[in-house]
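> any chance you can model this:
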Amino acid sequence: MSSIVVFVEQVQGSARRASLEALGAAAASGRRAIAVVTGAGAKECAAALGTSGAARAFALTDSDQYSPDGTATDVAAIVKESGATACLAAATSAGKDLMPRVAALLDSTLFSDCTAVELGSEQRATRPILAGKAIATLGCKAPVLCATLRPNTFPVAQGAGSAEVVERPATRGKVVRTAVEEKVGGKLDVKEAPVVVSGGRGLKEPANFKLLEELAAALGNAAVGASRAVVDAGWRPHSEQVGQTGKTVSPQLYFAIGISGAIQHLAGMRTSKTIVAINKDPAAPIFKVADYGIVGDVLEIVPALTEAVRAVRASQK
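The predicted structure is shown next:
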C-alpha cells in the first residue's frame with residue numbers, strides 16, 4: 001500500500017487540530033498515513049496519533065527547538081524512504097514555512113492553502129485563486145504531491161487504532177526557532193477557531209467591539225475578527241484581520257457584523273461553512289455570499305443575539 005506523509009505540529013505533546021485535519025485527509029484517502037513530529041513532547045504526541053489515523057509516527061528527537069530547514073530535510077528523507085506519493089501539512093505559519101522547503105528537496109511543487117485534495121491514482125488539489133473569486137483544481141505530475149491544507153476544512157479522523165512509533169534524531173539545521181511569543185490571554189486564533197465573529201466600520205467606534213467580544217464569549221468557542229478598515233484605523237490588532245492582506249479563515253460559522261463585503265474581505269472568509277451577515281444596508285455585497293442575513297442596526301441586533309445564545313446555552317446545562 002502506498003503512503004502519505006503528514007507533518008504534525010504539536011505543543012507540549014498535544015497535536016494541533018489543524019495538523020490532525022491534515023492527518024485525517026491522508027487517512028481518508030485509504031492510503032497509509034505516516035506522521036512526522038518534532039520538538040519537545042514529540043514522543044508523547046506521536047504515541048497518540050493512532051486514534052487520528054496514523055499507521056506510523058516518526059518522533060524526531062534530540063532537539064527541543066524547531067528548525068525549518070533541518071525538519072524539511074528529515075521530512076523529505078522519510079517521504080523518500082517510505083515511497084510516499086504525497087506530503088501534507090496544515091496551512092499554518094509553520095506549515096507554510098516548512099513545506100516549500102520539503103517540495104524543493106523532493107523536486108516537486110507546492111499547492112498551498114488547499115480546500116480539497118484527491119489522493120487516488122490521479123492526484124489533484126483544489127484551492128481558491130484570484131482573491132477567492134475562482135476555485136482552481138490543479139493536477140500534479142511530480143512523483144510526490146506536496147500541499148498545505150486550510151484549517152477547519154477537513155474532518156479529524158476518529159478511531160481506536162495505534163501507531164507504530166519510530167524515534168530518530170532530528171537533523172540540526174542552520175535556522176532554529178528559539179522562542180514563541182504567546183498571545184495575551186490565551187485567546188483563540190481566528191485561523192483555528194470553529195466560530196469567528198468579525199466586525200467592521202458598521203460598529204461605528206472601537207468601544208463597540210465589546211459587543212462582539214461578549215457574543216464570542218457567549219458562544220464559547222469563538223474568536224473575534226476584524227476587517228482591514230478597522231485594523232487600519234487602529235481599532236483592532238492586525239492579528240485579528242481577516243481578508244486578502246490578513247488571515248484566511250474557514251470556520252464552521254462566520255459572523256460578518258457591520259462589514260460591507262469588499263472582495264478583499266471575501267477572499268479571506270468565503271469558504272466558511274455557514275456565513276451570517278448583519279448590516280443596515282440591504283444592498284451590501286456581503287449578503288451575496290451569506291447563508292443568513294439580517295438587515296438592521298448591529299448595535300441593537302448583536303446584544304439581542306448574545307442574550308439569545310446565552311439563553312439557549314443555559315437551557316442545555
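> for the nearest residue to Gly246 once chain neighbours are set aside, give its distance to Ser239.
Among residues not flanking Gly246 along the chain, Gly268 sits closest, at 5.9 Å (Cβ to Cβ, 6 or more residues apart in numbering). For glycine as for every other residue, the C-beta is placed from the backbone atoms N, C-alpha and C. Going from Gly268 to Ser239 by Cβ to Cβ, to the nearest Å gives 13 Å.
> swap in Ala22?
23 Å.
> neighbour count winner among the two?
Neighbours per residue, other Cβ atoms under 10 Å: of Ala22 and Ser239, the larger number sits with Ala22, 35 against 15.
> next, the buried residues of the helix or strand harbouring that one.
Here Ala22 sits within helix 17-28, counting by DSSP states H and E. With burial defined by 16 or more other Cβ atoms under 10 Å, the residues of helix 17-28 counted as buried are Ala18, Ser19, Leu20, Glu21, Ala22, Leu23, Gly24, Ala25, Ala26, Ala27.
> neighbours around the residue nearest to Gly246, how many?
28.
> do the same with Asp107
Neighbours around Asp107, by other Cβ under 10 Å: 10.
> what's the burial count for the nearest residue to it once chain neighbours are set aside?
Of all residues not flanking Asp107 in the chain, Ala142 sits nearest, at 6.9 Å (Cβ to Cβ, 6+ apart). Ala142 has 13 neighbours, counted by other Cβ under 10 Å.
> list the contacts for Ala142?
Leu106, Asp107, Ser108, Thr109 (Cβ atoms under 8 Å, 6 or more residues apart in numbering).
> that one falls within a strand, correct?
No. Secondary structure of Ala142 (DSSP: H, G, I helix; E, B strand; the rest coil): coil, not part of a strand.
> pLDDT weak spots in the protein?
For the chain, the stretches flagged by pLDDT under 70 are 1, 182-186.
> in which helix or strand does Val302 reside?
Per DSSP H and E: helix 298-315 holds Val302.
> who are the packing partners of that helix?
Judged by 3 or more Cβ pairs under 8 Å, 6 or more residues apart in numbering; DSSP states H and E, helix 298-315 is in contact with helix 209-219, strand 274-279.
> quick check: angle from the first one to helix 298-315?
Interaxial angle of helix 209-219 relative to helix 298-315 (axes from the mean of the first three to the mean of the last three Cα atoms, to 10 degrees): 20 degrees.
> and helix 209-219, what's buried?
Neighbour-count burial for helix 209-219 [16+ other Cβ under 10 Å]: Phe209, Leu211, Leu212, Glu214, Leu215, Ala216, Ala218, Leu219.
> go ahead and name everything in contact with it.
195, 197-199, 203, 222-224, 226, 235-236, 255, 257, 298-299, 302-303, 305-306, 309-310, 313.
> how about the last one?
In this structure, residues lying in contact with strand 274-279 by Cβ under 8 Å, 6+ apart are 202, 252-261, 269, 284, 286-287, 289-296, 298, 301-302.
> let's see that with 6 Å instead.
For strand 274-279, the surrounding residues in contact (Cβ atoms under 6 Å, 6 or more residues apart in numbering) are 253-257, 286-287, 289-294, 298, 301.
> partner strands of that strand and their direction?
Using DSSP bridges, strand 274-279 pairs in its sheet with strand 253-257 (parallel), strand 292-295 (parallel).
> please tabulate those in JSON lines, including the columns distance to Thr115 and mean neighbour count.
Shown next, in JSON lines, are the strands paired with strand 274-279 (distance: least, Cβ to Cβ, whole Å; neighbours: other Cβ atoms under 10 Å):
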{"stretch": "strand 253-257", "distance to Thr115": "15", "mean neighbour count": "27"}
{"stretch": "strand 292-295", "distance to Thr115": "22", "mean neighbour count": "14"}
